[in-house]
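Asker: Predicted coordinates and the sequence they were generated for:
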Amino acid sequence: MALLRDDCFDLGDELTPLGEALAVLSGRLTTVTGTTTVPLRQALGRTLAEDVIAPRDVPPHDNAAVDGYAVFFDDLDPEVETRLPVSGRIAAGHPLDREARRGEALRVFTGGPMPEGPDTIFMEEDCVEEDGTVTLKPGIKRGANRRFRGEDVKTGSVIIAAGQVLRAQEIGLAASVGRNELNVRERLRAAVFSTGDEVRDPSDEAPPGCIYDANRYAVMGLLEGLGCAVSDLGILPDSLDAIRDALAGAAAEHDLLITSGGMSRGEEDHVKAAVEALGSLHFWRLAIKPGRPIALGQVADTAFVGLPGNPVAVMVTFMRIARPVVLLLSGRRDIDPFRFRVPTGFDFKKKVGRREWLRARLVTGDDGTVTVMKHPAGGAGILTSMVESDGLIELPEDLGALDKGTDVDFLPFSEVTR
Ligand code: AMP
Ligand code: MG
């Protein structure tokens, strides 16, 4: 199993733009998960660990694209109707049991394998068959309605590359070349904690001064969406010993530890000291909003990500920073989310020099054009704003004022949660 580099999360003390930080991660983080072979039915959502090389052509033979009649194009009269005897039948899975002959028409059905010779297929709707003879109109093109061997997949080609997450279409494609098992990455084993004396599990009472634990549930959902095997390790009190012991125990059994809260430098925030006692921790000075503080490090040989405490900051930093970490450790290489350029329906001012995310909703106008609207709540603790949004607007570092109607990058939640 690959080990983490000692310095993989060290960004130095400079204020770092997000793009640079992510490039550093891509360069330094290697896959830590092992591989396993699973039946195709269990491969959905898994990360492929092999290049799938096609052992055969798809389709494996030339075949009919329609129900109709197959003929030799050279038997057709280009000017007037042609009448040919119908003297054979080819259905899907039932090839002709002899060679095709000049001067005959063959009744064919979609998917039926084409023999040598007949190269053109008439759709049955365009033909009249009577007394064993079919009448064919002039004007068809040579090769019409025929599908070619290997037109989808050629033997020997890489049809799905290692590192690809397997969606329904990849599973279908693997099946189409006769693969019934695939070599995939083991799921990344991720342990999730919350911290804070005020934080309570929703199954418990919340006495005065306490809040329910939103973060752990949100983070577990995000990790499961990325294909991790998630362990729920509960809520840690604001106590150095308790946090240190819990992290040390979890590190032995997991590839990644994620906490939220307890990362600021306040006297009740002990996560920093605990991780430093067990390994190393780097507070990232990222030029972003929201999302500070965030820290990455190692507990023994297990990666550690310390997210902020406020639920929106937790989710946003997970989507844009923890997600790439998870994907890279899991063997995925497609870490950049799709972004869509969408015009804004509002003016906005931001501080130059940092990347900023706004929770946003897509709105379709009466004329069908889509604009993106910023959620009115700006606070990093307003979790309802995430529920009422479709995704994030990502504003670049160099942007200052944004005028209504300007195109911005919109990242649908679907693109930053898988
Ligand atoms: P902290 O970083 O621990 O100082 O937390 C910052 C803010 O986030 C505080 O208002 C916390 O109460 C809140 N917070 C921390 N952890 C959670 C959690 N698990 N669920 C909801 N809010 C939290
Ligand atoms: Mg706290």
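Answerer: Perfect, I can see it now. Ligands and ions are numbered 1, 2, ... in the order given.
Asker: Could you count how many residues lie near whichever residue of the chain sits closest to ligand 1?
Answerer: Nearest to ligand 1 in the chain, going by CB to the nearest ligand atom, is residue 309, at a distance of 2.2 Å. Any C-beta I mention is one placed from the backbone N, CA and C, and that applies to glycine too. Residue 309 sits with 22 neighbouring residues when counted by other CB atoms under 10 Å.
Asker: Leaving out the residues flanking it, which one is nearest to it?
Answerer: residue 261 (3.4 Å; CB to CB, 6 or more residues apart in numbering).
Asker: for residue 9, same thing?
Answerer: Nearest one to residue 9, counting by CB to CB, 6+ apart, is residue 296 at 3.9 Å.
Asker: Next up, phi/psi of the one you found, please.
Answerer: Main-chain dihedrals, residue 296, degrees, to the nearest 10: phi -130, psi 150.
Asker: which bits of the protein sit near ligand 2?
Answerer: 196, 261, 262 (CB under 5 Å from the ion).
Asker: pLDDT below threshold where in this protein?
Answerer: The chain contains residues with pLDDT under 70 at 1-3.
Asker: So which residues of it form helices?
Answerer: 18-28, 168-176, 214-225, 240-251, 271-278, 311-317, 323-330, 384-387, 413-416 (DSSP state H).
Asker: Next, the contact list for the residue sitting furthest away from the middle of the chain, please.
Answerer: In the chain, counting by CA atoms, centre = their mean, residue 131 sits farthest out from the average C-alpha position, at 56.8 Å. Neighbour list for residue 131: empty [criterion: CB atoms under 8 Å, 6 or more residues apart in numbering].
Asker: That one and residue 83, how far apart?
Answerer: 10 Å (CB to CB, to the nearest Å).
Asker: one step back: can you add distance to residue 67 and give the helices of the chain back as TSV?
Answerer: Shown next, in TSV, are the helices of the chain (distance: least, CB to CB, whole Å):
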stretch	distance to residue 67
helix 18-28	51
helix 168-176	22
helix 214-225	43
helix 240-251	61
helix 271-278	67
helix 311-317	53
helix 323-330	46
helix 384-387	50
helix 413-416	39
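Asker: deepest of these, which one?
Answerer: helix 311-317 (a mean of 27; mean count of other CB atoms under 10 Å).
Asker: Centre of the chain to that one, how far?
Answerer: 20 Å (CA atoms, centre = their mean, to the nearest Å).
Asker: who touches that helix?
Answerer: Applying CB under 8 Å, 6+ apart, the external contacts of helix 311-317 come out as 214-215, 218-219, 222, 260, 288, 290-292, 294, 307-308, 357, 359, 379-383, 385-386, 392.
Asker: Need phi/psi at the closest residue to ligand 2 within the stretch 51-200 of the chain.
Answerer: Among all residues of the stretch 51-200 of the chain, residue 196 sits closest to ligand 2, at 3.6 Å; criterion: CB to the ion. Dihedral pair for residue 196: phi 130, psi 130, per degrees, to the nearest 10.
Asker: The residue of the stretch 251-400 of the chain at minimum distance from ligand 2 and residue 390, how far apart?
Answerer: In the stretch 251-400 of the chain, the residue that lies nearest ligand 2 is residue 261 (4.0 Å; CB to the ion). Residue 261 is 27 Å from residue 390, where distance means CB to CB.
Asker: the more surrounded of those two?
Answerer: residue 261 (27 against 17).
Asker: Would you confirm that the more buried one contacts residue 198?
Answerer: No - between residue 261 and residue 198 there is no contact under CB atoms under 8 Å: 9.3 Å.
Asker: So for residue 348, which of the helices of the chain sits nearest?
Answerer: helix 384-387 (15.4 Å; CB to CB).
Asker: Mind giving me the packing neighbours of the closest one?
Answerer: helix 311-317 (3 or more CB pairs under 8 Å, 6 or more residues apart in numbering; DSSP states H and E).
Asker: give the contact list for residue 124.
Answerer: 66, 67, 68, 69.
Asker: What count of nearby residues applies to residue 302?
Answerer: With other CB under 10 Å as criterion, residue 302 counts 25.
Asker: quick one: the closest residue to it other than its chain neighbours from residue 32, how far?
Answerer: Nearest residue to residue 302, sequence neighbours excluded (CB to CB, 6+ apart): residue 251, at 4.1 Å. Distance, residue 251 to residue 32, by CB to CB: 13 Å.
Asker: before we move on, what about residue 181?
Answerer: From residue 181 over to residue 32 the distance is 23 Å, taken as CB to CB.
Asker: between those two, who's got more neighbours?
Answerer: When neighbours are counted by other CB under 10 Å, residue 181 and residue 32 differ, and residue 32 comes out ahead with 22 against 13.
Asker: so the more buried one sits right up against residue 298, yeah?
Answerer: No - Residue 32 lies out of contact with residue 298 (CB under 8 Å); the separation is 11.3 Å.
Asker: shared neighbours of the two, which are they?
Answerer: Common neighbours of residue 32 and residue 298 (CB under 8 Å, 6+ apart) are residue 4.
Asker: got a list of what residue 98 touches?
Answerer: Neighbour list for residue 98: residue 88 [criterion: CB under 8 Å, 6+ apart].
Asker: from now on call the first residue 591
Answerer: OK, 591 is where the count begins now, so the last one is residue 688.
Asker: distance of it from residue 804?
Answerer: 72 Å.
Asker: swap in residue 1002?
Answerer: Note on residue 1002: its distance to residue 804, by CB to CB, is 22 Å.
Asker: Setting the sequence-adjacent residues aside, check what's closest to residue 685.
Answerer: Residue nearest to residue 685 in three dimensions, not counting chain neighbours: residue 703, with 4.6 Å by CB to CB, 6+ apart.
Asker: Over to residue 742?
Answerer: residue 648 (4.5 Å).
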